[in-house]
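Engineer: Below are the sequence and a predicted model; questions follow.
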Amino acid sequence: MDTITKTDLEALRKLIVSDIENLIKANLANSKEHEEFGWMRSKVIRRKLNISASTLQNLRITGKIRFKKLLGSYYYNWEDLQHLFDYEEE
């Protein structure tokens, strides 16, 4: 049986911290990637436009905006929403 030393535990701690940092960075990069491609989840859209879930649902049902449904989550095209709300403000 091998003995675990403080140095071994410190090396393990550094490895775990490094892995967690890499996961966080990858997660942030993925969320930015979705915004760059223009498709964002309902929650993000509602927060950015300050609209309710029912308003967003109504826009989806009436066909005024494009959407995709993946694994039970709706994704909306950000450009469609921007054009829709820019046009209505004029």
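Structural biologist: Cool, the structure landed. Residues are numbered from 1 along each chain as shown.

Engineer: ok, which stretches of the protein are helices?
Structural biologist: For the chain, the helices defined by DSSP state H cover 6-37, 42-49, 53-61, 78-89.

Engineer: now do the same end-to-end measure for stretch 44-55.
Structural biologist: 14 Å (CA to CA, to the nearest Å).

Engineer: Need the contact partners of it.
Structural biologist: The set of residues external to stretch 44-55 that reach it, using CB atoms under 8 Å, 6 or more residues apart in numbering, is 35, 40, 42, 56, 76, 78, 81, 85. (Each C-beta comes from the backbone N, C-alpha and C, glycine too.)

Engineer: pLDDT added to those residues, as TSV?
Structural biologist: Below are the contacts of stretch 44-55 laid out as TSV (pLDDT from 0 to 100):
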residue	pLDDT
Glu35	53
Met40	86
Ser42	87
Leu56	88
Tyr76	87
Trp78	79
Leu81	77
Phe85	71
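
Engineer: which of those residues are buried?
Structural biologist: Buried residues within these, defined by neighbour count using 16 or more other CB atoms under 10 Å: 40, 42, 56, 76, 78, 81.

Engineer: what's the closest non-adjacent residue to the second one?
Structural biologist: This points to Ser42. Tyr74 (5.0 Å; CB to CB, 6 or more residues apart in numbering).

Engineer: what's the distance between that neighbour and Arg47?
Structural biologist: Distance of Tyr74 to Arg47, given as CB to CB, to the nearest Å: 14 Å.

Engineer: Looking at those two, which has the bigger crowd around it?
Structural biologist: Tyr74 (17 against 11; other CB atoms under 10 Å).

Engineer: if I pick that one, what's in contact with it?
Structural biologist: 41-42, 60, 67-68.

Engineer: show me where pLDDT drops low in this protein?
Structural biologist: Scanning the chain for pLDDT under 70 picks out 27-37, 87-90.

Engineer: Could I get the contacting residues of the nearest residue to Gly38 once chain neighbours are set aside?
Structural biologist: Leaving aside its chain neighbours, Gly38 sits nearest to Trp78 (4.8 Å; criterion: CB to CB, 6+ apart). By CB under 8 Å, 6+ apart, the contact set of Trp78 is 35, 38-40, 45.
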